[in-house]
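Colleague: Quick one: sequence and predicted model below, then my questions.
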Amino acid sequence: MNNRQLFLNHLAQTTDFPLLIEIEKAEGVYMYGPDGKTYLDLISGIGVSNVGHRHPKVLQAIHEQLDKYLHLMVYGEYVQSPQTLLAQALCDTLPEHLNNVYLVNSGSEAVEGALKLAKRFTNRREIISCVDAYHGSSHGALSVGGNEIFKRAYRPLLPGMKNVVYGSFYQLEEITEQTAAVIIETIQGEAGIKVACQEYFKALRKKCNETGTLLILDEIQAGFGRTGKFWAFEHFGIAPDILVCAKGMGGGMPIGAFIANKEVMAAFKNNPLLGHITTFGGHPVSSAASLATIKIIHEEGLMDTVESKAQLFRKLLVHPKIKNIRNKGLMMAVEFESFEVLKPIIDRAIESGVITDWFLFCDDAMRIAPPLVITEEEIRKACQTILKAIEES
Ligand code: PMP
């Protein structure tokens with residue numbers, strides 16, 4: 001059996017339309033198939049490889065850590081410098097009140113931790129989240145997800161969850177003194193890149209302050225430079241009470257975090273009411289990779305060129321079949337008439353060596369989220385291939 005058959009036979013399938021691209025090696029913005037085929041990666045494993053695949057400094061940090069130790073103990077017991085240095089580096093990117101980091105393994109786990117923390121700190125049970133939100137696949141994260149079709153088969157989910165429309169001022173009235181937290185993606189990703197306005201975020205922040213509700217911002221997809229700022233919330237002049245992040249955080253290694261004020265996080269400490277426990281959270285190798293990733297984003301000035309690169313995509317991707325482009329930095333959705341129109345275009349682009357896909361809750365839009373290290377020349381080449389794919393399909 002070849003690898004593709006093994007994949008279909010023995011690996012659990014998660015979609016009716018797997019991309020089925022076989023990759024043997026990846027470097028920078030490129031991925032290479034076993035047949036020698038070269039692909040330009042426009043999706044970064046969905047916002048993971050922000051610094052490019054196998055960045056040499058990430059590899060170096062990993063190698064150095066491999067030579068010291070792998071796993072020693074469940075999270076939160078031993079003092080391990082990859083974790084302490086990473087926590088410090090994360091806090092350095094954040095407003096002063098976000099000074100306490102809980103390292104976990106993934107986005108979903110970061111969301112779980114944040115929701116539990118909000119309940120524990122406020123002693124309230126209601127959580128408000130948004131229609132079309134995606135916060136992860138575990139039961140808690142799914143409970144605050146905003147897509148009914150996705151949730152239906154798993155009910156009953158967590159009680160006390162309420163959805164409001166992302167960006168709706170009117171629905172901020174739903175936030176009351178019963179509400180433990182509002183969890184919201186700063187930029188809605190899987191909804192097809194929806195960006196609320198600054199006034200909305202200001203009003204949301206104000207309402208949370210008035211009601212003693214914690215604001216949880218999910219920057220799992222939008223963080224780590226993707227929108228041109230280190231954190232997407234910096235565009236809107238507000239800050240969360242709890243920030244959740246993952247994906248781009250590890251430079252290709254699995255890691256996530258929820259970050260809050262030390263006093264808020266202290267709500268987890270009181271025994272015998274257990275807080276959150278994780279065996280592998282903040283794995284030393286992932287933590288070392290993450291620390292290197294943060295340094296690379298700053299040292300290589302990756303955020304500085306995000307806006308001009310996004311503008312270049314917008315300028316070049318002009319075609320009668322493209323109905324609209326939504327973006328915040330290099331988090332971009334290119335909208336077509338329908339999935340039936342889009343799917344053959346994506347297939348054709350992949351055949352021609354450019355990888356894109358679509359969104360979980362928005363299948364008429366093409367995802368564009370390349371490694372931030374993509375050059376202008378590569379953007380031109382990618383756009384030419386996409387336009388040709390549109391013509392040919
Ligand atoms: N929140 C957002 C905004 C995401 O985009 C994702 C992943 N697509 C998650 C949470 C879940 O992260 P993970 O897959 O690492 O559990």
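Modeller: Sure thing, it's come through.
Colleague: how much space between the residue nearest to residue 246 when sequence neighbours are not counted and the ligand?
Modeller: Closest residue to residue 246 apart from its sequence neighbours, by C-beta to C-beta, 6 or more residues apart in numbering: residue 256 at 3.3 Å. For glycine as for every other residue, the C-beta is placed from the backbone atoms N, C-alpha and C. Separation of residue 256 from the ligand (C-beta to the nearest ligand atom, to the nearest Å): 6 Å.
Colleague: And for residue 319?
Modeller: 27 Å.
Colleague: got it, and residue 129?
Modeller: Distance from residue 129 to the ligand, by C-beta to the nearest ligand atom: 11 Å.
Colleague: Pretty sure that residue sits in a strand.
Modeller: Yes - in this structure, residue 129 lies within a strand as judged by DSSP: H, G, I helix; E, B strand; the rest coil.
Colleague: Quick one: residues contacting the residue nearest to the spatial centre of the chain.
Modeller: Geometric centre of the chain, nearest residue: residue 221, 1.8 Å, by C-alpha atoms, centre = their mean. Shown in contact with residue 221 (C-beta atoms under 8 Å, 6 or more residues apart in numbering): 46, 47, 185, 187, 189, 190, 247, 331.
Colleague: now, among the residues you listed, which is nearest to residue 62?
Modeller: Proximity of those to residue 62 (C-beta to C-beta) peaks at residue 247, which lies at 17.4 Å.
Colleague: Can you give me the distance of the closest one to residue 45?
Modeller: Residue 247 sits 8 Å away from residue 45, taking C-beta to C-beta, to the nearest Å as the criterion.
Colleague: between the two, which one's more packed in?
Modeller: Applying other C-beta atoms under 10 Å to residue 247 and residue 45 shows that residue 247 carries more neighbours, namely 25 against 17.
Colleague: Could you tell me which residues of this structure lie near the ligand?
Modeller: With C-beta under 6 Å from any ligand atom as the criterion, the chain comes near the ligand at residues 46, 106-108, 111, 134-136, 185, 189-190, 218, 220-221, 246.
Colleague: from the residues you listed, which ones fall inside strands?
Modeller: Residues of the residues of the chain next to the ligand located in strands (DSSP state E): 185, 218.
Colleague: Quick one, which of the contacts of residue 221 are buried?
Modeller: Buried subset of the contacts of residue 221 (neighbour count, 16 or more other C-beta atoms under 10 Å): 46, 47, 185, 187, 189, 190, 247, 331.
Colleague: Quick check on residue 161: phi, psi?
Modeller: The phi/psi pair for residue 161 (degrees, to the nearest 10) reads phi -100, psi 140.
Colleague: per-residue confidence for it?
Modeller: Looking at residue 161, its pLDDT is 94.
Colleague: before we move on, the earlier item: for residue 150, state which of the residues of the chain next to the ligand is nearest.
Modeller: Closest to residue 150 out of those is residue 134 (8.2 Å), distances taken as C-beta to C-beta.
Colleague: Please tell me I have it right and that closest one contacts residue 185.
Modeller: Yes - using C-beta atoms under 8 Å as the test, residue 134 is close enough to residue 185 to be in contact (7.4 Å).
Colleague: which neighbours do those two share?
Modeller: Residues within reach of residue 134 and of residue 185 at once, by C-beta under 8 Å, 6+ apart, are residue 191.
Colleague: Closest residue of the stretch 51-200 of the chain to the ligand?
Modeller: residue 107 (2.2 Å; C-beta to the nearest ligand atom).
Colleague: contacting residues for that residue?
Modeller: 135, 136, 141, 218, 220, 244, 245, 246, 247, 256.
Colleague: Please repeat the previous calculation with a cut-off of 10 Å.
Modeller: 47, 134-138, 141, 218-221, 244-247, 249, 254-257 (C-beta atoms under 10 Å, 6 or more residues apart in numbering).
Colleague: Please pick the buried ones from those residues.
Modeller: Those of the contacts of residue 107 that meet the buried threshold are 47, 134-136, 141, 218-221, 244-247, 249, 254-257, by 16+ other C-beta under 10 Å.
Colleague: So which of those belong to helices?
Modeller: Of the buried ones among the contacts of residue 107, the ones assigned to helices by DSSP state H are 47, 141.
Colleague: what's the pLDDT at residue 272?
Modeller: Confidence at residue 272, expressed as pLDDT, is 69.
Colleague: Apologies, that question was intended for residue 59.
Modeller: Model confidence at residue 59, given as pLDDT, is 98.
Colleague: Pretty sure it sits in a helix.
Modeller: Yes - counting by three-state DSSP, residue 59 is found in a helix.
Colleague: Can you give me the neighbour number for it?
Modeller: 14.
Colleague: Quick check: it touching residue 289?
Modeller: Yes - contact criterion C-beta atoms under 10 Å: residue 59 and residue 289 qualify, at 8.6 Å.
Colleague: Return every residue with contacts to both of those two.
Modeller: When contacts are counted by C-beta under 10 Å, 6+ apart, residue 59 and residue 289 are jointly contacted by 251, 252.
Colleague: Mind picking out the helix or strand in the chain with the poorest mean pLDDT?
Modeller: helix 148-152 (a mean of 93; mean pLDDT, DSSP states H and E).
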